[in-house]
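[1] Please work out how this folds:
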Amino acid sequence: MSVHFQREIDRLKKQLLSLSALVEESVAKAVSAIRDRDRHMAKQVIENDLRIDALDIDIEEECQKILALHQPVAHDLRFIIAVIKINGTLEHIGDCAVNIAERALFLAEEPHLDIPFDFTGMSEKARNMLRRALDALVNQDEGLAYQVIAADDEVDQVNREMYGQVKDGIRKHPEDLESLIHLLSISRHVERIADLASHIAEEVIYYVKGDIIRHKTEQFRTHAEDGAE
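    The predicted model follows:
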């Protein structure tokens, strides 16, 4: 590997870590905006999305340049491919944070809803998945990546429960229909963040091992259980 090529790879890693930090910050602020009914925080998330979009483009262009100039192979090629996919996934997570923030703007002006939705617990699970997926990338940790994928079932379960809670809320309080629909949307976006964190973990496994593991749910569970022992 040439010095110039290594320098460009290092710069690409720094860009991806910068994007990761921005996206994590947006998700954290979106969650806070919902929890604290904070319109100012919600607006910060929406405004921050422009920075995420710009960095997303910069990273994609950098990957294209490296592929064209250096024609990497084997492990280096897998890294570039993984970065391209993870880059797009992080941008989608940023979009989910914006969607949550937009609903926070609406709910901040509405009366508090008495519904047993464990938003804090659900969002913490999703954020933890994202954090660990990014740690798995930095440390090239295949075992941690499998644990992230396995954890997605917990968030899915909370999202399914939320549907039932909203249906019950609409039946009891039809006057709160719009707010309840917003809560359901928030739950779906949090669940989507967890899904996307799983996608990052899948790309980490591809980068480290060269294995494409999409759709192999039994393999996820086996590796996650082995890593937890």
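[2] can we go C-alpha only for contacts and neighbour counts from here?
    OK.
[3] Which elements pack onto the helix or strand where residue 67 lies?
    Element membership for residue 67 (DSSP states H and E) is helix 39-70. Applying 3 or more CA pairs under 8 Å, 6 or more residues apart in numbering; DSSP states H and E, one finds that helix 39-70 contacts helix 3-36, helix 74-107.
[4] which of these is buried the deepest?
    Among those, the stretch with the highest mean neighbour count (mean count of other CA atoms under 10 Å) is helix 74-107, at a mean of 21.
[5] how about residue 24, what does it touch?
    127, 130-131 (CA atoms under 8 Å, 6 or more residues apart in numbering).
[6] Mark which of these are part of helices, please.
    127, 130-131 (DSSP state H).
[7] Make CSV out of the contacts of residue 24 and add distance to residue 119.
    CSV is the format used below for these (distance: CA to CA, whole Å):
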residue, distance to residue 119
127, 12
130, 16
131, 18
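[8] Could you rank those residues by neighbour count and give me the top one?
    residue 130 (28 neighbours; other CA atoms under 10 Å).
[9] Model confidence score at it, please.
    pLDDT for residue 130: 95.
[10] mind listing what the closest residue to it other than its chain neighbours touches?
    Nearest non-adjacent residue to residue 130, counting by CA to CA, 6 or more residues apart in numbering: residue 197, 4.8 Å away. Listed by CA under 8 Å, 6+ apart, the contact set of residue 197 reads 126, 129-130, 133, 148-149.
[11] Likewise for residue 93?
    By CA under 8 Å, 6+ apart, residue 93 lies in contact with 23, 27, 192-193, 196.
[12] ok, residue 136 - contacts?
    Residues in contact with residue 136 (CA under 8 Å, 6+ apart) are 142, 144-145, 201, 204.
[13] and it, helix, strand or coil?
    Three-state assignment for residue 136 (DSSP: H, G, I helix; E, B strand; the rest coil): helix.
[14] which regions of this protein sit below the pLDDT cut-off?
    Residues of the chain meeting the criterion pLDDT under 70: 1, 215-229.
[15] any idea of the angle the helix or strand where residue 121 lies forms with helix 74-107?
    Here residue 121, judged by DSSP H and E, is contained in helix 119-139. Angle, helix 119-139 to helix 74-107, by axes from the mean of the first three to the mean of the last three CA atoms, to 10 degrees: 160 degrees.
[16] got the buried residues for helix 119-139?
    For helix 119-139, a neighbour-count test (16 or more other CA atoms under 10 Å) marks 119, 122-123, 125-137 as buried.
[17] Out of the contacts of residue 136, give me the two with the largest separation.
    144 and 204 (9.6 Å; CA to CA).
[18] can I get the CA coordinates of stretch 116-132 in PDB?
    Coordinates of each C-alpha in stretch 116-132 appear next as PDB, following Å, rounded to 0.1, in the frame of the first residue of the first chain:
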ATOM      1  CA  PRO A 116     -47.900   3.800  28.500                       C
ATOM      2  CA  PHE A 117     -45.300   4.200  25.700                       C
ATOM      3  CA  ASP A 118     -41.800   3.500  26.900                       C
ATOM      4  CA  PHE A 119     -40.200   6.000  24.500                       C
ATOM      5  CA  THR A 120     -37.200   6.500  26.700                       C
ATOM      6  CA  GLY A 121     -36.400   2.800  27.000                       C
ATOM      7  CA  MET A 122     -37.000   2.200  23.300                       C
ATOM      8  CA  SER A 123     -34.900   5.100  22.100                       C
ATOM      9  CA  GLU A 124     -32.100   4.100  24.500                       C
ATOM     10  CA  LYS A 125     -32.100   0.600  23.000                       C
ATOM     11  CA  ALA A 126     -31.900   2.000  19.500                       C
ATOM     12  CA  ARG A 127     -29.200   4.500  20.400                       C
ATOM     13  CA  ASN A 128     -27.200   1.800  22.100                       C
ATOM     14  CA  MET A 129     -27.400  -0.300  19.000                       C
ATOM     15  CA  LEU A 130     -26.100   2.500  16.900                       C
ATOM     16  CA  ARG A 131     -23.300   3.300  19.300                       C
ATOM     17  CA  ARG A 132     -22.200  -0.300  19.400                       C
END
